[in-house]
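**Q** can't give you the sequence, but here's the structure:
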């Protein structure tokens, strides 16, 4: 890939975004241990270069839809830490009023269209979101994200086929972290280079190094450009790695500690920081201040969530139907 | 009937640019059952869209389009095929508003024929009102005549919530009066099709034919049945049924689906709970058999609710 130059502002924003995601989720993991956060909780830690590189390549009017590993993406898209933490707590001040939880972050304001819990269900939905953009001739695209596990769902093939047939402005992004829960990619298919699935539909497709934020940005920008020009979908297999288990209760017996440590050596927070220092975009003091600011932001989010009320029982009957006087049975 | 549904869709598409129709064979073939005949010519391929045979995929595309500001009508060639799409209907469309804390709704109509239609054997003959009506977040309509079909389809398209709309292959050629002027029928309101004071018979979709025939038979013997067409399954118009039961003190429910966990089970419970003192006889129901539908004509006949069974139940409730 032709190296593209990125400016100081972009690097500093990438680092800020990735550090916020990392620190927010480290805290979320701790709070899960304290049973402040319940249900399922899938951490994004290790994959932050994907979200950071994506967001810098997209426009505010573009749409994003993803699976249940959604905290990092929501934060990277600009959802605020307070509404995100409150949602993890199940509080009414949360982004989904405490009704969605970890797996269902949504922000209409930020065009972040979930947070979806059924593996692969968001793939045709993302094509449908893009369908509406094309129908309304907006020039916006929809980034439709899923994991390597979802790449084996039939929904992917149906959505790829129609998106290509109708030239929908969608970017399909497989965040390949190599494990569908505990089952490695090569154990789920004869085709272990996932991007090649796009070739069945003659869809432009390529692998991307998801540990390198610059590469993610460039691939996304090129795919978005294709979509905006009416040239249809692109499929990016972004190869990344999650340091934590699939969810909080995962003993991770399917991989070695050595493998995890090898990926941590490529950690995008380390490499981006090194680049910033080398280029003298910022000094050690800046990093120290940023750490403190982000710690304060996460502390504030936790305090906000702690102090927020749970939804009242009768709020269960709100947001089920748009119709306000729907006659629920009792 | 097919013209009534087509008129409803076409009128709404003329009225609202956001409405479009997608499904298998809806455009160039003019509809597998000719419901959408001529619509491609009028609205063009942008708004009348042939899909590949991929129910899960195009239902999901419909859901995404609805979340993002459009108002899709998604046609299934039959509701039997929509089982493949049920994840998108039940998990995505029905729950989107709640999961997003009210941020994203899903104004979409899923429509197509439902139930038996001749000798189509086990996989093509099922009635799925009970399944979708079980799901909070959905509204379920099941129509029996052209007038209701048009008025309810227009309401369904304008509704902000996801609507499941059930028709019948064997009723598409049915004829009925439909007014020239525009009209809408509210969702959630049943219709008393025949007034009577001796026994109440409730049905919907093509079981209305069985109910009305049974009422005609009963009339010959001096028994006046009140026949109610539910029209909307969810939300159900219990009040209309209960008001009738308060008058007749007897209720027979006719349902094409098998009896276990059926719509008739639900209605029976509510009626015994809310009108216990008014019942002079246990609530009776005539359902399809507790089996898959089979191919042979004798077995289809054996499966389906029959006029004679309804007549017998009604007379039994009157101790006659």
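**A** Arrived safely, thanks for sending. Quick caveat: nothing in here was measured; it's all calculated off a predicted structure. Numbers count the residues shown, from 1 in each chain, chains lettered A, B, ... in the order given.

**Q** quick one: the residue nearest to the spatial centre of chain A and chain B, what's the gap?
**A** Among the residues of chain A, the smallest C-alpha distance to the mean C-alpha position (CA atoms, centre = their mean) belongs to residue A:73, namely 3.3 Å. To chain B, residue A:73 is 15 Å away according to CB to the nearest CB, to the nearest Å. C-beta: built from backbone N, CA, C; applies to glycine.

**Q** Identify all contacting residues around the helix or strand harbouring that residue.
**A** Counting by DSSP states H and E, the element that carries residue A:73 is helix A:71-76. Under the criterion CB atoms under 8 Å, 6 or more residues apart in numbering or on different chains, residues A:17, A:20-21, A:24-25, A:28, A:43-45, A:47-48, A:51-52, A:54-55, A:64, A:66, A:81, A:84, A:88, A:95, A:102, A:105, A:107, A:110, A:112, A:115, A:145 lie in contact with helix A:71-76.

**Q** And it, what's buried?
**A** Buried positions in helix A:71-76, judged by neighbour count with 16 or more other CB atoms under 10 Å in any protein chain shown: A:71-76.

**Q** Now do it: distance to the chain's middle.
**A** Counting by CA atoms, centre = their mean, to the nearest Å, helix A:71-76 is centred 6 Å from the centre of its parent chain.

**Q** pLDDT of the following helix or strand past it, averaged?
**A** The element immediately downstream of helix A:71-76 (helix or strand, assigned by DSSP H and E) is helix A:81-89. When pLDDT is averaged along helix A:81-89, the result is 98.

**Q** What segments of the stretch 201-330 of chain A are helices?
**A** Ranges of helices within the stretch 201-330 of chain A are A:213-228, A:257-264, A:268-278, A:284-307, based on DSSP state H, counting those that start in this stretch.

**Q** Reformat those helices into JSON lines and put mean neighbour count and distance to residue A:137 next to each item.
**A** Conversion of these to JSON lines gives the following (neighbours: other CB atoms under 10 Å in any protein chain shown; distance: least, CB to CB, whole Å):
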{"stretch": "helix A:213-228", "mean neighbour count": "22", "distance to residue A:137": "11"}
{"stretch": "helix A:257-264", "mean neighbour count": "11", "distance to residue A:137": "42"}
{"stretch": "helix A:268-278", "mean neighbour count": "16", "distance to residue A:137": "36"}
{"stretch": "helix A:284-307", "mean neighbour count": "14", "distance to residue A:137": "39"}
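
**Q** Same list (those) but as TSV, adding mean pLDDT and distance to residue B:201.
**A** Formatted as TSV, the entries for the helices of the stretch 201-330 of chain A read as follows, by pLDDT from 0 to 100; distance: least, CB to CB, whole Å:
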stretch	mean pLDDT	distance to residue B:201
helix A:213-228	98	56
helix A:257-264	88	68
helix A:268-278	96	69
helix A:284-307	98	55
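
**Q** Format those as JSON lines; extra columns: distance to residue B:256.
**A** Rendered in JSON lines, the data for these read as follows (distance: least, CB to CB, whole Å):
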{"stretch": "helix A:213-228", "distance to residue B:256": "46"}
{"stretch": "helix A:257-264", "distance to residue B:256": "57"}
{"stretch": "helix A:268-278", "distance to residue B:256": "59"}
{"stretch": "helix A:284-307", "distance to residue B:256": "50"}
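
**Q** For residue B:17, which of those is the nearest?
**A** Within those, the stretch nearest residue B:17 is helix A:213-228; the backing value is 22.2 Å (CB to CB).

**Q** who touches the closest one?
**A** A:1-4, A:6, A:10, A:14, A:18, A:49-50, A:52-54, A:56-59, A:62, A:130, A:139-141, A:143, A:169-171, A:173, A:204, A:206, A:208-210, A:232-234, A:236, A:238, A:268, A:272.

**Q** what's the answer for stretch B:116-125, then?
**A** Here stretch B:116-125 makes contact (CB under 8 Å, 6+ apart) with B:78, B:80, B:115, B:127, B:168-170, B:256, B:288, B:292-297, B:300, B:303-304.

**Q** and these, which are buried?
**A** With burial judged by 16+ other CB under 10 Å, the buried subset of those is B:78, B:80, B:115, B:127, B:168-169, B:256, B:288, B:293-294, B:300, B:303-304.

**Q** Going along the chain, name the helices of the stretch 201-320 of chain B.
**A** Along the stretch 201-320 of chain B, the stretches classed as helices by DSSP H, counting those that start in this stretch are B:207-220, B:238-248, B:263-274, B:297-303, B:307-317.

**Q** Switch those helices over to a markdown table; also include mean pLDDT.
**A** Output for the helices of the stretch 201-320 of chain B, formatted as a markdown table (pLDDT from 0 to 100):
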| stretch | mean pLDDT |
| --- | --- |
| helix B:207-220 | 98 |
| helix B:238-248 | 98 |
| helix B:263-274 | 98 |
| helix B:297-303 | 98 |
| helix B:307-317 | 98 |
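
**Q** So out of everything in the stretch 151-300 of chain B, what residue is nearest chain A?
**A** Checking the stretch 151-300 of chain B residue by residue against chain A with CB to the nearest CB singles out residue B:160 as nearest, at 3.6 Å.

**Q** quick revisit: any chance of the buried ones among the contacts of stretch B:116-125 in TSV with distance to chain A as columns?
**A** Listed next are the buried ones among the contacts of stretch B:116-125 as TSV, based on distance: CB to the nearest CB, whole Å:
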residue	distance to chain A
B:78	18
B:80	18
B:115	25
B:127	22
B:168	26
B:169	25
B:256	23
B:288	25
B:293	27
B:294	29
B:300	32
B:303	30
B:304	29
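
**Q** Quick check: the farthest pair among those?
**A** Distance extremes for these: the farthest pair is B:168 and B:294 at 19.2 Å, using CB to CB.

**Q** Would you quantify the distance from the closest residue in space to residue B:182 that isn't next to it in sequence to chain A?
**A** Counting by CB to CB, 6 or more residues apart in numbering or on different chains, residue B:11 is the residue found nearest to residue B:182 once chain neighbours are left out, at 7.0 Å. Applying CB to the nearest CB, one obtains 20 Å for the distance of residue B:11 from chain A.

**Q** element containing residue B:11?
**A** Counting by DSSP H and E, the element that carries residue B:11 is helix B:2-15.

**Q** Go ahead and measure how far the helix or strand following that helix is from the middle of the chain.
**A** Sequence-wise, the next helix or strand downstream of helix B:2-15 (DSSP H and E) is strand B:19-23. In terms of CA atoms, centre = their mean, the centre of strand B:19-23 is set 19 Å apart from its chain centre.
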